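> generate a structure from the sequence data that follows.
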Amino acid sequence: MAGKRLSSAGIDVARVTKDDFTAAKAKIDPLLKKAGITAGWTSGGAGSFDPEHPYPGTLRTDSGDIDIMIDPQELLHKFPADIEAWNASSKKPLGPKALATAFADPAKKIKLQMSASKAALANYMTQHGMPTDPGTLTVQYSANNKNYSIDLIVRPRDSWNLHTHDFSLDPGMRGGDLWNEIYPALAKVSSQKKFIDPKTGEEKGNIQFSPDKGLVDRETGQVVASGAEKDKIAKFLIGPEAGARDISSLTGIKNALRKYPDKWNAVKQFFPTQENIQFGSGAWMRKMMERL
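Presented below is the predicted three-dimensional model:
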């Protein structure tokens, strides 16, 4: 639920219109750029409120919140916070032994460094008039006597295209409908090799979809097509005629799969039935709108 973190704190959260989005970006983006952060801006079903959005046009008049994508490597580089100092000031600091153990494990240490850098970014935003929670990176942005929810989301830059959707035909769609369900199913049915997972007994394809990496070879762990290569991903998931925009919406995918009935059969359960998709009515549309 958009704005839930702020609402739970007793803050009345307003919905975001195009004018609200534009005003927020005009105020916050320069602040991020001053810190050396190049951000990717989107806003739920109203992602095309951003003039720089690649898929213009929307049937939505407002959105629940604003999402700002930040590359983790850029965050670490621009906010190289001291882990021990961050730990000492955190609400639940690690003890000396636990901290030493984490420092000895590269994977655990980078997680601590990321948490410290997030806290440093939150402190920077707060100092510049944008109160930001260091744990969730939720910004409490106020304008015209209204409060809005803005989330700073740490996500690899190469994956941003995978989280940039076309809401012009599907205003009630969620990004998760695509990269949590449909993309993985299409990756499986499009894989040249299939195998049975000995642990789960589930059939899997040799190519899997990752929301952060793109298409990944399950056996080698190598990235076959990164999120920056969305056209290449579309051709693998759909077919040679497909492009990035075809896989950026429910309607685009459904139309592109008309030539591929086998692939359509693999994903049709994730789509609403025809009788429930009339705009403004039907259980499906109400459910989609509640998610935003």
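> and the helices in the stretch 51-200 of the chain?
72-78, 83-89, 96-104, 106-127, 175-176, 183-190 (DSSP state H, counting those that start in this stretch).
> quick one: those as CSV, columns for mean pLDDT and mean neighbour count too.
(C-beta placed from N, C-alpha, C; glycine too.) As requested, those are arranged in CSV below (pLDDT from 0 to 100; neighbours: other CB atoms under 10 Å):
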stretch, mean pLDDT, mean neighbour count
helix 72-78, 97, 16
helix 83-89, 93, 15
helix 96-104, 93, 12
helix 106-127, 96, 17
helix 175-176, 80, 16
helix 183-190, 96, 21
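> so for Asp212, which of those helices sits nearest?
When the helices of the stretch 51-200 of the chain are ranked by distance to Asp212, counting by CB to CB, first place goes to helix 72-78 at 9.6 Å.
> so Glu229 versus Asn123, what's the distance?
Separation of Glu229 from Asn123 (CB to CB, to the nearest Å): 36 Å.
> for Ser63, same thing?
Distance from Ser63 to Asn123, by CB to CB: 27 Å.
> cool, and Leu186?
42 Å.
> before we move on, what about Asp29?
Applying CB to CB to Asp29 and Asn123 gives a distance of 19 Å.
> ok, now Thr132?
8 Å.
> contact partners for the closest residue to Ile11 other than its chain neighbours?
Spatially, and ignoring its direct neighbours in sequence, Ile11 is nearest to Asn147 (5.3 Å; CB to CB, 6 or more residues apart in numbering). By CB atoms under 8 Å, 6 or more residues apart in numbering, the contact list for Asn147 reads Leu6, Ile11, Asp12, Val13, Ala14, Gln140, Tyr141.
> kindly report the same for Gly176.
So Gly176 contacts nothing (CB under 8 Å, 6+ apart).
> same check, this time on the one 3 residues further on
Contact criterion CB under 8 Å, 6+ apart gives Leu162, His163, Phe209, Pro211 as the residues in contact with Trp179.
> neighbour-wise, which of these leads?
Leu162 (27 neighbours; other CB atoms under 10 Å).
> grab the nearest non-local neighbour of that residue.
Using CB to CB, 6+ apart, the nearest residue to Leu162 is Gly227, at 4.2 Å.
> give me the below-cutoff pLDDT ranges for the stretch 151-292 of the chain.
273-292 (pLDDT under 70).
> can you give me the strands for it?
194-196, 203-205, 207-210, 214-217, 223-225 (DSSP state E, counting those that start in this stretch).
> will you turn these into TSV that also has distance to Pro80?
Output for these, formatted as TSV (distance: least, CB to CB, whole Å):
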stretch	distance to Pro80
strand 194-196	43
strand 203-205	39
strand 207-210	27
strand 214-217	28
strand 223-225	27
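> and these: which comes nearest Ala39?
It's strand 214-217; of those, that one is closest to Ala39 (CB to CB) at 20.6 Å.
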